[in-house]
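> Take a look and give me a structure for this.
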Amino acid sequence: MDKDEILRRFERQSIEPEQLRIIELMTHYFHDIAEDILEITRPNREQSLALTALEEAKYWVNQSIAQHGAAAPFDEIAPKVTL
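Residues are numbered from 1 along each chain as shown. I've put the predicted structure just below:
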């Protein structure tokens with residue numbers, strides 16, 4: 001990997017409206033999972049780790065969508081995720 005490719009990772013990415021809609025949809029999905037974790041588990045170290053891992057997964061999903069686009073259009077993704 002060359003220097004320019006590495007530095008490109010630290011530049012601001014412009015996000016298309018379609019990508020933003022999908023990121024917002026995924027945010028709702030991750031929020032619902034976080035609520036489930038809080039309802040199902042007692043406060044403890046493992047719960048904290050689960051929430052941290054979920055937060056990290058959300059970050060990487062958002063990065064993937066922002067940098068490479070989604071695998072399918074919003075209209076195909078939205079029916080699969082219930083809010």
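> List the contacts of the most centrally placed residue in the chain.
Residue closest to the mean C-alpha point of the chain, counted by Cα atoms, centre = their mean, is Lys58 at 3.0 Å. Lys58 makes contact with Met26, Thr27, Phe30, according to Cβ atoms under 8 Å, 6 or more residues apart in numbering. Any C-beta I mention is one placed from the backbone N, CA and C, and that applies to glycine too.
> now the helix or strand harbouring it: how far from the chain's centre is it?
Using DSSP states H and E, the element containing Lys58 is helix 45-68. In terms of Cα atoms, centre = their mean, to the nearest Å, the centre of helix 45-68 is set 6 Å apart from its chain centre.
> I'd like the average pLDDT over that helix.
This predicted structure assigns helix 45-68 an average pLDDT of 96.
> do stretch 1-15 as well
On average, the pLDDT along stretch 1-15 is 87.
> Would you mark the buried spots in that stretch?
Under the neighbour-count criterion of 16 or more other Cβ atoms under 10 Å, stretch 1-15 has Ile15 buried.
> one step back: got the CA positions of the helix holding Lys58 in CSV?
What follows is helix 45-68, C-alpha atoms only, in CSV (Å, rounded to 0.1, in the frame of the first residue of the first chain):
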residue,chain,number,x,y,z
ARG,A,45,-18.3,-6.2,32.2
GLU,A,46,-19.6,-8.6,29.5
GLN,A,47,-22.5,-6.3,28.8
SER,A,48,-20.1,-3.4,28.4
LEU,A,49,-17.9,-5.4,26.1
ALA,A,50,-20.9,-6.4,24.0
LEU,A,51,-22.1,-2.8,23.7
THR,A,52,-18.5,-1.7,22.8
ALA,A,53,-18.3,-4.4,20.1
LEU,A,54,-21.6,-3.4,18.7
GLU,A,55,-20.5,0.2,18.6
GLU,A,56,-17.3,-0.8,16.7
ALA,A,57,-19.4,-3.0,14.3
LYS,A,58,-21.6,0.0,13.6
TYR,A,59,-18.6,2.2,12.9
TRP,A,60,-17.1,-0.3,10.4
VAL,A,61,-20.4,-0.8,8.7
ASN,A,62,-20.8,3.0,8.3
GLN,A,63,-17.2,3.2,7.0
SER,A,64,-17.7,0.5,4.5
ILE,A,65,-20.9,2.1,3.1
ALA,A,66,-19.3,5.6,3.0
GLN,A,67,-16.1,4.4,1.2
HIS,A,68,-17.5,1.6,-1.0
